[in-house]
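J.: Quick one, fold the following:
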Amino acid sequence: MSSARRVLVCGIAVFVLSCAARAAEPAVKPRARDLGVPFEGAPGALNAITDVAGVAVGQTTLIRGEGKLVVGEGPVRTGVTAIVPRGRATNDDPVFAGVFDLNGAGELTGTHWIEESGFLEGPMMMTNTHSVGAVHEGTIAWRVKQGSADATGYWWSNPTVGETWDGELNDINGFHVKPADVFAALDSAKGGPVAEGNVGGGTGMICNGFKGGIGTSSRKLADAAGGYTVGVLVQCNCGRKPDLLVAGVPVGAELQGKGAREEDAGSILIVVATDAPLIGHQLKRLARRASLGLARTGSRSGNGSGDLFLAFSTANPGAANPKGLVQVTMLPNDRMNPLFAGVVQATEEAIVNAMVAAETMTGVNGYTVKALPHEELRRVLKKYNRLVEPPSGR
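T.: Numbers count the residues shown, from 1 in each chain. A predicted model of the protein is given here:
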């Protein structure tokens, strides 16, 4: 659906409310596997980060206006994505976490405390570059509204907010994301299928020269490897068309025409969730492996790209309890290889899912970013003998 069409559907006067509600209900659209893209590994039931039990995702999508840029008025193509590790228990029960920056031309707030403490306290938020402050403030306000201090008795919040740049399509200096949009994303967070493409924080993003946005995937480990689940969600806004690889195939080079960006000057946020019992240093190792999945799509992490990754574990509830002694279960390092493989595989698929779900969008000053053409993708995969037909019924 084009951006202009979305404006007509949602209506100018009630746009924010109605489109936020629509974004919460994922549209039925093909994903990369449905198009015959071959991926390694076995996904979970939803093939999403929400396959990790307890993880919830909420999104607010803001799309309104068209034509010439008028700062403060639009066009608006942006939003907020919230990942809530333990659902409603998140505020009172932090999760072990680790962070890794492959290239630092971006922002991910709260990471100093994650490095220091080993915990993510609260949700992980995603938005555009110039709305980090609004989302940071809105997340604190939402936390206060929940009605209780943290486990130590303090009203202390240090939100984790990441960003990527959507200024080609969005009136980024108009500061259209408001604290109310943060509330909408957090209050709508739930398990189940996750909307992908032009939604939430990924609404105005560009990936590998085509329309990008939000994408997700998961891997279910074999029982012999513990039966754990690894889920990945990305907000992808990085890469160049000539470098794009899909399942090892040089799709970008094969498709005609220029991409939406000549330089690798975008960014990507990658969030990894797992139910495996890992502690802080192990989750930093897990976050680092996301860079290998990103590389599988052809990224070289350019100088202007903010490639920032976070991993958390939903295991060990109560580990941050400040009273008494806490017993923690930890998977031995020697058993982490299947988790590493799952992160690499799920990261690659999440990025491709974001591009497959994304739709052509027109934004600021009539600038248009085209979606990755599905049939052309299938044609190129077939040319390289990499196309697989999905199981019947998909």
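J.: Let's verify Leu381: helix, strand, or coil?
T.: helix (DSSP: H, G, I helix; E, B strand; the rest coil).
J.: What strand or helix carries the closest residue to it other than its chain neighbours?
T.: Sequence neighbours aside, Leu387 is the residue nearest to Leu381 in space, at 4.0 Å (criterion: Cβ to Cβ, 6 or more residues apart in numbering). From N, CA and C alone the C-beta is placed, and that goes for glycine too. In this assignment (DSSP states H and E), Leu387 forms part of neither any helix nor any strand.
J.: check contacts around Leu387.
T.: Taking Cβ atoms under 8 Å, 6 or more residues apart in numbering as the criterion, Leu387 is in contact with Gly36, Pro38, Arg378, Leu381.
J.: Can I have the buried ones of those residues as a PyMOL selection?
T.: Only the buried entries of the contacts of Leu387 go into this PyMOL selection, using 16 or more other Cβ atoms under 10 Å:
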select buried, resi 36+381
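J.: For the contacts of Leu387, which two are the farthest from each other?
T.: Maximum pairwise distance in the contacts of Leu387, criterion Cβ to Cβ, is 11.8 Å, between Pro38 and Arg378.
J.: where's the residue of the chain most remote from its centre, which helix or strand?
T.: Going by Cα atoms, centre = their mean, the residue of the chain most distant from its centre is Gly324, 36.3 Å out. If you go by DSSP H and E, Gly324 is not part of any helix or strand.
J.: what does Glu163 give?
T.: Secondary structure assigned from DSSP H and E places Glu163 in strand 160-164.
J.: pull the CA atoms of the helix or strand that that strand is followed by into PDB?
T.: Using DSSP H and E, the helix or strand that follows strand 160-164 in sequence is helix 179-187. Output of helix 179-187 as PDB, limited to C-alpha atoms (Å, rounded to 0.1, in the frame of the first residue of the first chain):
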ATOM      1  CA  PRO A 179       5.600  10.800  24.400                       C
ATOM      2  CA  ALA A 180       2.000   9.700  23.700                       C
ATOM      3  CA  ASP A 181       3.300   7.600  20.700                       C
ATOM      4  CA  VAL A 182       5.700   5.900  23.100                       C
ATOM      5  CA  PHE A 183       2.800   5.100  25.400                       C
ATOM      6  CA  ALA A 184       0.800   3.700  22.500                       C
ATOM      7  CA  ALA A 185       3.700   1.400  21.500                       C
ATOM      8  CA  LEU A 186       4.300   0.100  25.000                       C
ATOM      9  CA  ASP A 187       0.600  -0.300  25.900                       C
END
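J.: Pull the residues that contact helix 179-187.
T.: By Cβ under 8 Å, 6+ apart, helix 179-187 touches 16, 20, 58-60, 62, 79-82, 84, 123, 125, 134-135, 137-139, 141-142, 145, 200.
J.: how does it look with 7 Å?
T.: Residues outside helix 179-187 that contact it (Cβ atoms under 7 Å, 6 or more residues apart in numbering): 20, 58-60, 62, 80-82, 84, 123, 134-135, 137-139, 141-142, 200.
J.: Could you list the low-pLDDT ranges of this protein?
T.: 1-27, 151, 391-394 (pLDDT under 70).
J.: that older thread, would you list the contacts of Leu387 in TSV and tack on distance to Glu254 and secondary structure?
T.: Below are the contacts of Leu387 laid out as TSV (distance: Cβ to Cβ, whole Å; DSSP: H, G, I helix; E, B strand; the rest coil):
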residue	distance to Glu254	secondary structure
Gly36	15	coil
Pro38	17	coil
Arg378	12	helix
Leu381	10	helix
